[in-house]
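>>> Show me the folded form of this:
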Amino acid sequence: MNRVQDQPDSLTAQQRAELELLRQENAQLRQLNQTAFGYVRTKVNDLLTVIGTKTLDPDELDDRSLIEFDPIGIVAQSFQHVLDNLRDTNRKLQFANQEIETIFETIGAALLVLNPQRRVVAYNQKTREMLLERNVDIHGQDCREVVCRARSDHPGCLFEKVLASGHEQHLDEWNLGDRSYNVIARPMHDALGKISHVVLVYTDVTARRNAELALLEALAETQEANAKIHGILRSASDGILVTDAEEHIVLINRRAEELFGLCLTDSPDDKPTLGVLPHARLVELIRRAPRTGQELLVEDLSCNAEDDRDRIYQARVTAIRSADGNKRGCITLLHDVTEERQVDRMKSDFVSTAAHELRTPLATIVGYTDLLLTGGPDVMESLGEYLQLIQEKAERLADIVSDLLDISRIESGEILKIDARPCDLGTLCREVVDNFRRQTDKHQFVISLPPEPVVALADRYAMIQVLENVVSNAVKYSPQGGLVELAVCQNEACCKLTVSDRGIGMTTEQLQKIFEKFYRADATNTAIAGTGLGMTIVRHLIEAQNGEVEVASSYGQGTRVTIRLPLAAKTPG
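Prediction:
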């Protein structure tokens, strides 16, 4: 507004009146301008205060500069930026809210949001499916009434623990019906640090718990099976050895350790290789098994036993392969076949001996029979001698057949028929010895009897067979002749019959096998007749009569056979 200049006194009265009027209007306008500028400055300062900016100082910014500076425009523009930022932030918050809501509804766990009064503020669809009995609205309801259902057997409430501690709380395997849940309770705090809400998360672990229980049951069954397997391995009489593809010994039982002089089962974490085995042939067999097309390799191996005697073990090596045919290892079973091989050898010797024993009398019988059939008149002069020879050889054949039948009945488990009656052992000894005296003149037979008869409870015919076998051995194994002594005595417990000779005797090893089938102490000497069954039959016959038999012998000095039989009851006189 232009300032009105003072005019000279030459103005007319009308002009002066108009001038005064102009002055009054000018004063009014100045007052209005000052009020307007004050209002503008006040409102601008209010806006600056709202947006957090320093207010305008009148000394630094006068009214004219205020109009030129246009703070309202600047503030309006700032507010426009603020509004734009608010709209962008609102859109982001709305998107984040949608994301949270989506996660809240689609998460695989049940979510409950409670206020400090335990009232339900929010919950998701999983809460309806997992925790609620029916599809009802539980907003504003007490959590205990809709979830725990006021049950007293539930453990301490996590909501109360969170309120008491102010920290997150956990509870594993919280059960509701037939379901099991892991529960996490976490507090939410307001600006003052007070708990405004508590969020409960329920994760269904029923399937995992059932899987863990099934796994524990399977583990228990596996451990039980392993215990049974180890028990079987420990009690197995055969050696068992398991190796892997790298030739490490992964399993060995006690029998195999004893066989090879090892001690590996006490250090299961240390897996030695095949190189620790002292038997090179076995190592070679185990290494060869996977390379061959055969699934099973069987071979007899000779091993030195604890008593320094060679034993024969049948090694059965089975290759272990995966489904694709790759080598996985070997299982080796070591079975002691020493006795079986000895029996096989004795059977072979028996067949050879029996064939020889049968051939010799048969040849004599056939030869003399043919001579009698085809011979001339001079043959009749020796008819008695020839018939005697034929009879002797036929009796020899009958003895061999009788031995074979006896051992066959014994092997089949047939009970020997024993007719035990009072029997005078002295009389039996004389009958048997008289028969042998007619057969040989190289041996001297001596019978030692007490003054009173020794009467045993025995089968007469069985005892004759026993004495014939024992005396026959004494004669056969005293090839140069000598003394064969029979002694009979008794005590309060039993009768005792002893047959002794001064023959070739037996070693300790031979003596241990004297009662084995087909065993002959001197099988290489084919001049000594026999099938190796005599002493086996003797033992069975004596034991069938409730008696005992034992043999004592010294190599080169002779043998003594002692037989003990029960006493016959005395007849009242």
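
>>> was I right about Glu548 contacting Arg564?
Yes: if you go by C-beta atoms under 8 Å, Glu548 and Arg564 touch, sitting 4.6 Å apart. For every residue, glycine as well, the C-beta is placed using N, CA and C.

>>> How is Thr203 assigned, secondary-structure-wise?
Of the three states, Thr203 takes strand under DSSP: H, G, I helix; E, B strand; the rest coil.

>>> what bridges to it?
On the basis of DSSP bridges, Thr203 is bridged to Asn182.

>>> Is Gly505 located within a strand, as I assumed?
No: read with three-state DSSP, Gly505 is coil and lies in no strand.

>>> roughly how far apart are it and Gln125?
Going from Gly505 to Gln125 by C-beta to C-beta, to the nearest Å gives 101 Å.

>>> which of the two has more neighbours?
Taking neighbours as other C-beta atoms under 10 Å, Gly505 and Gln125 compare with Gly505 leading, 20 against 14.

>>> ok, the more buried one to Arg560 distance?
Look at Gly505 and Arg560: by C-beta to C-beta, they are 10 Å apart.

>>> so what sits against both of these two?
Counting by C-beta atoms under 8 Å, 6 or more residues apart in numbering, the shared contacts of Gly505 and Arg560 are Ser553.

>>> State the helix or strand in which Pro422 lies.
Assigned by DSSP states H and E, Pro422 belongs to strand 421-424.

>>> Going by contacts, tell me the helices and strands next to that strand.
With contacts defined as 3 or more C-beta pairs under 8 Å, 6 or more residues apart in numbering; DSSP states H and E, the packing partners of strand 421-424 are strand 455-458, helix 460-476.

>>> List the buried residues of it.
Across strand 421-424, burial judged by 16 or more other C-beta atoms under 10 Å covers Cys423, Asp424.

>>> Can you tell me the strand partners of that strand and which way each runs?
Partners of strand 421-424 in the sheet, by DSSP bridges, are strand 455-458 (antiparallel).

>>> how distant is the strand it pairs with from the center of its chain?
Centroid displacement of strand 455-458 relative to its chain, using C-alpha atoms, centre = their mean, to the nearest Å, is 59 Å.

>>> Please apply the same query to stretch 175-194.
The chain centre lies 44 Å from the centre of stretch 175-194; the measure is C-alpha atoms, centre = their mean.

>>> In the sheet, which residues pair with the nearest residue to Thr292 once chain neighbours are set aside? Tell me.
The shortest distance from Thr292 to any non-neighbouring residue, by C-beta to C-beta, 6 or more residues apart in numbering, is to Ala319 (7.9 Å). Under DSSP bridges, the beta-bridge partners of Ala319 are Cys330.

>>> Quick check, Ala319 in contact with Cys330.
Yes: assessed by C-beta under 8 Å, Ala319 is found in contact with Cys330 at 5.7 Å.

>>> any shared contact partners between those two?
Here Ala319 and Cys330 share the contacting residues Ala289, Pro290, scored by C-beta under 8 Å, 6+ apart.

>>> for this protein, which residue is closest to the average position?
The centre of the chain sits closest to Asn226, judged by C-alpha atoms, centre = their mean, with a distance of 1.9 Å.

>>> Report the secondary structure state of that residue.
The three-state assignment at Asn226 reads helix, by three-state DSSP.

>>> ok, back up a step: looking at Ala319 and Cys330, which is more packed in?
With neighbours defined as other C-beta under 10 Å, Ala319 and Cys330 compare such that Cys330 has more, 23 against 20.

>>> Quick one: residues contacting that one.
Cys330 neighbours (C-beta under 8 Å, 6+ apart): Val242, Thr243, Ile286, Ala289, Pro290, Val317, Thr318, Ala319, Ile320.

>>> Report how many residues lie close to the residue lying closest to the first one once chain neighbours are set aside.
Yep, that's Val242 we're talking about. Spatially, and ignoring its direct neighbours in sequence, Val242 is nearest to Leu251 (3.9 Å; C-beta to C-beta, 6+ apart). Neighbourhood size, Leu251 [other C-beta under 10 Å]: 19.

>>> and Leu251, that one's in a strand?
Yes: counting by three-state DSSP, Leu251 is located in a strand.

>>> Tell me where the model's unsure across the stretch 151-300 of the chain.
Across the stretch 151-300 of the chain, the ranges flagged by pLDDT under 70 are 151-156, 264-270, 293-294.
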